[in-house]
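Engineer: how would this look folded up:
(chains A and B)
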There are 2 protein chains.
Amino acid sequence: MDDAAVQRLAERVRAGDRRACARAISSVEDEVQGAEALLAALQPLAGRAQRIGITGPPGAGKSTLVEALVVELRRQGKTVGVICVDPTSPFTGGALLGDRIRMDRVATDPGVFIRSMASRGNLGGLAHRTLEAIDVLDAFGFEVVIVETVGVGQSEVEIAEAADTTVVVVSPESGDGVQAMKAGLMEIAQVYCVNKADREGTDRLVRELEAMLELAHRHDTTWAPPVQRTVAMRGEGVPDLLAAIERHHQHLTSSGELSRRRWRLARERVREVVERTRQREFWTDARRARLDSLASEVEARTLSPYAAARRLLES
Amino acid sequence: MDDAAVQRLAERVRAGDRRACARAISSVEDEVQGAEALLAALQPLAGRAQRIGITGPPGAGKSTLVEALVVELRRQGKTVGVICVDPTSPFTGGALLGDRIRMDRVATDPGVFIRSMASRGNLGGLAHRTLEAIDVLDAFGFEVVIVETVGVGQSEVEIAEAADTTVVVVSPESGDGVQAMKAGLMEIAQVYCVNKADREGTDRLVRELEAMLELAHRHDTTWAPPVQRTVAMRGEGVPDLLAAIERHHQHLTSSGELSRRRWRLARERVREVVERTRQREFWTDARRARLDSLASEVEARTLSPYAAARRLLES
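Structural biologist: Numbers count the residues shown, from 1 in each chain, chains lettered A, B, ... in the order given. Prediction:
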């Protein structure tokens, strides 16, 4: 995209053109020429949307819950953008989960926009591209943006930090793997959701979560994360879950924490762009070739990685 | 550590002093002054150990399996260094799993050295510090180094790339979370191990894994990952598992893949040291302060992250 094309696309996004919105996200995802200028053009319009993160182990019913949340938000008259982050293997780029989001009930609603993003073998880049896609949906004018992620990877943590409120979803049917994962997910949540709450073991799981929450030494003593129960498949408990998310958002706004969070996020994003740019500038073809030959010396143990790095830095 | 202290410590490690080995790993883990020089001094001695990675979901019995492998390797007369990577939350540094490795049966054997490493809130740094600790154990003279990691994070993948052979351990008792995790772990394994193979569901799990392996399009068509069965608690199947690991190592050596793998690893390590050094040099106090104030403009949406980054890069 040349500069004129960028401005035209930004204009169409601002005017509420859904196809332009989809194209803008693709530009960001594919990191095409002009994507940075596009984001800069959309930037002044972003920052108004409420950002909700939904995460949890596979099998907890996150996609069904996201769909139920979208239905409820639409009932309240709010427009919703959804980003489903689909982690793919860093080895082949194959999808971790085949049966991702369908969301039949909301897919044709003009007040809803659903988009999947894949990591494409670059977990490091996933977080920043997701944050930029959120910005596009925000600039487009969606009042709520929901980001669904799976698991407890570093990317998920970074994405969770971008949400105003992160909901961790678990289900009573999960095995010991999930028990352990819960511990890792514990501290990124402001709201807990026990989904499939009509199944056996729900009461025990809710008690366990509440006990964990009591034990956890939390930095933020002004907000006690609630544990909500839902049966997302039938929409049960979803209005209450949304009310809990809303209460947390009110808490963020009134305490000033929302702008502090967004400042920290802005700082990380600037830092990340700086790092990326510096890397791109440093790794010229000549330096890459030099790295390859120095690697041979390191592999032969005639040079330490530190000495090799010094030679590259001095070149 | 000043230069003389570094040389004395390196000398003691080379001489087989276990306490020096422990101290060298601590120096690397804490990134103390002199750690780089120490690694450079030990470097020429490393590269001889066979490196085995053991990974898999929580609850698969990895620690018990590692202990059983150590017992079997000792029976074969080999010395073994073990590193258990303990992922901690990036938020509070709290341990994900409280009940880590005990390994009572081998803890007092002078031919065995066991060390836990924690991520200390910096998942990005975990991989390089682990690789450096492996180098210390390798330089010390352990014939086999086993690295145990949990989960499917980016760090685990990086650590897996450092092992000559990665064994993915699963157990038949795991729930759907584990089913999904298996997919993520699939492609980093050269050997599969179904542990707790006396439990119900073992045959089904082995069949599932073998079906997955047949479907998977693997780059390396010269090695078909075997699925081994173990009951680590009783040592059953452990000699066969070790024989499968040995066959893979032979395959790596005879095909020339071992030195290619180690060359790629060396290249990544040099690249990583370069990046780290450049970051340290760039982020002076003045630039950090400037970043803070630019973040405020980005948060207020008067500046895009890209424009802010440009100002920092030009400063």
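
Engineer: So for the one helix or strand residue A:36 maps to, mean pLDDT?
Structural biologist: Assigned by DSSP states H and E, residue A:36 belongs to helix A:35-42. Mean pLDDT, helix A:35-42: 91.

Engineer: If you count contacts, what does that helix end up packed against?
Structural biologist: If you count contacts as 3 or more Cβ pairs under 8 Å, 6 or more residues apart in numbering or on different chains; DSSP states H and E, helix A:35-42 packs onto helix A:3-14, helix A:18-29, helix A:123-140, helix B:305-314. From N, CA and C alone the C-beta is placed, and that goes for glycine too.

Engineer: Show me where the stretch 101-250 of chain A dips below the pLDDT cut-off.
Structural biologist: Residue ranges of the stretch 101-250 of chain A with pLDDT under 70: A:101-105, A:107, A:118-125, A:150-156, A:174-187, A:215-221.

Engineer: mind running it again at 90?
Structural biologist: Across the stretch 101-250 of chain A, the ranges flagged by pLDDT under 90 are A:101-110, A:114-131, A:149-162, A:168-189, A:201, A:204-224.

Engineer: Tell me where it has helices.
Structural biologist: A:123-140, A:154-162, A:176-186, A:202-215, A:238-255 (DSSP state H, counting those that start in this stretch).

Engineer: Now the helices and strands packed on helix A:35-42 in CSV, please, with extra columns for distance to residue B:199.
Structural biologist: Listed next are the helices and strands packed on helix A:35-42 as CSV, based on distance: least, Cβ to Cβ, whole Å:
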stretch, distance to residue B:199
helix A:3-14, 55
helix A:18-29, 43
helix A:123-140, 33
helix B:305-314, 51
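
Engineer: related to what we said a few turns ago, mind checking how far the helix holding residue A:36 is from the chain centre?
Structural biologist: For helix A:35-42, the distance from its own C-alpha centre to the chain's C-alpha centre is 20 Å (Cα atoms, centre = their mean, to the nearest Å).

Engineer: Compute the inter-axis angle for that helix and helix B:305-314.
Structural biologist: 120 degrees (axes from the mean of the first three to the mean of the last three Cα atoms, to 10 degrees).

Engineer: following helix A:35-42, which helix or strand comes up?
Structural biologist: Next helix or strand after helix A:35-42 toward the C-terminus (DSSP H and E): strand A:50-55.

Engineer: Grab the CA positions of that next one and hand them over as PDB.
Structural biologist: Provided in PDB are the C-alpha atoms of strand A:50-55 (Å, rounded to 0.1, in the frame of the first residue of the first chain):
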ATOM      1  CA  GLN A  50     -14.000  -1.800  26.500                       C
ATOM      2  CA  ARG A  51     -11.500  -4.700  26.100                       C
ATOM      3  CA  ILE A  52     -12.300  -8.100  27.500                       C
ATOM      4  CA  GLY A  53      -9.900 -11.000  27.500                       C
ATOM      5  CA  ILE A  54     -11.300 -14.600  27.700                       C
ATOM      6  CA  THR A  55      -8.700 -17.300  28.400                       C
END
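
Engineer: Kindly reformat the helices and strands packed on helix A:35-42 as a markdown table containing mean neighbour count.
Structural biologist: As requested, these are exported to a markdown table (neighbours: other Cβ atoms under 10 Å in any protein chain shown):
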| stretch | mean neighbour count |
| --- | --- |
| helix A:3-14 | 16 |
| helix A:18-29 | 19 |
| helix A:123-140 | 23 |
| helix B:305-314 | 19 |
